[in-house]
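J.: take a look and give me a structure for this.
(one chain, ligands or ions: 1)
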Amino acid sequence: MRLILLGPPGAGKGTQAQHLVQAHGIVQLSTGDMLRAAVKAGTPVGLEAKEIMARGDLVPDAVVVAIVADRIGEPDAAKGFILDGFPRTVPQAEALDRMLAERGLALDAVVELKVDEQALLERVEKRVREMTARGEPLRADDNPEALKTRLAAYRAQTAPLSAYYETKGMLRTIDGMAPIGAVSAAIDAVLKTAAGESRSTPAAVR
Ligand SMILES: Nc1ncnc2c1ncn2[C@@H]1O[C@H](COP(=O)(O)OP(=O)(O)O)[C@@H](O)[C@H]1O
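T.: Prediction:
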């Protein structure tokens, strides 16, 4: 199974990706995690991304597209993957379509978590308070200023992806304000339908 999780920062993509990893035995590919690892390791990509990420802006498309193209070719991604944080722009979505087509692969679903903005701010503030209380290091972009920039980037560059996938008939929208378990159940229900649809498609028209 190959799917995309869409939703603004704090929508619960990471939490739901964890559930999907457990339930479906597929890997979570988080471009945010990959970029943070590159920053930590001080690789050329990390050096390029560091300041951009700390501000809350988007890393250039070419950089993330190259990372994802490499990553989906790894053996552990062969059974399927959840893309978390990618694509984030229409050009990234187009690049993803091309790289999947080249490999003869297709997406099963695009799942969008809908949440209201006030709740997002509260969720991110809560995450920061909890991490601070546990003595865990904060992310460089876990501050009010960078969060504002991340939300603005989401609205301007990522929100248009809903229409992009809606037009392709792939978008499934889920209420991300429901309790965690209810959101997971709703995602599972959507994926069952998506799997049923692809099974019922005759091989000849695939
Ligand atoms: N697909 C992407 N395109 C461009 N930049 C990205 C992408 N994925 C991650 N990033 C960079 O990494 C940062 C953190 O991403 P992520 O961990 O997904 O954060 P969140 O979902 O909490 O906003 C983003 O603000 C951006 O700078």
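J.: secondary structure element holding the residue of the chain found nearest the ligand?
T.: Nearest to the ligand, among the residues of the chain, is residue 32, at 1.9 Å (Cβ to the nearest ligand atom). No exception for glycine: its C-beta is placed from N, CA and C like everyone else's. For residue 32, the host element (DSSP states H and E) is helix 31-41.
J.: packing partners of that helix?
T.: Here helix 31-41 touches helix 44-55, helix 61-71, strand 81-84, going by 3 or more Cβ pairs under 8 Å, 6 or more residues apart in numbering; DSSP states H and E.
J.: from the chain's centroid, how far away is it?
T.: On the basis of Cα atoms, centre = their mean, to the nearest Å, helix 31-41 sits 15 Å off its chain's mean C-alpha point.
J.: tell me what angle it forms with helix 44-55.
T.: Comparing the axes of helix 31-41 and helix 44-55 via axes from the mean of the first three to the mean of the last three Cα atoms, to 10 degrees yields an angle of 110 degrees.
J.: pull out the buried positions in helix 31-41.
T.: For helix 31-41, the neighbour count (16 or more other Cβ atoms under 10 Å) marks 31-32, 34-36, 38-39 as buried.
J.: can you list contacts of that helix?
T.: Residues from elsewhere that reach helix 31-41 (Cβ atoms under 8 Å, 6 or more residues apart in numbering): 45-47, 49-50, 53, 59, 64, 67-68, 71, 83-86, 88, 139.
J.: check those residues against the ligand, which are close?
T.: 53, 59, 64, 85-86, 88 (Cβ under 6 Å from any ligand atom).
J.: the residue nearest to residue 73 when sequence neighbours are not counted: how many residues sit nearby?
T.: In space, and not counting its chain neighbours, residue 73 is closest to residue 103: 7.7 Å by Cβ to Cβ, 6 or more residues apart in numbering. Residue 103 has 11 neighbours, counted by other Cβ atoms under 10 Å.
J.: rounded mean pLDDT for the lengthiest helix in the chain, please.
T.: What stands out as the longest helix in the chain, according to DSSP state H, is helix 180-200. For helix 180-200, mean pLDDT rounds to 82.
J.: circling back to that earlier point, what angle do the helix holding residue 32 and helix 61-71 make?
T.: Going by the same axes, to 10 degrees, helix 31-41 makes 100 degrees with helix 61-71.
J.: could you give the average pLDDT over helix 31-41?
T.: In this model, helix 31-41 has a mean pLDDT of 96.
J.: is it true that residue 141 lies in a strand?
T.: No: assessed by DSSP: H, G, I helix; E, B strand; the rest coil, residue 141 does not belong to a strand; its assignment is coil.
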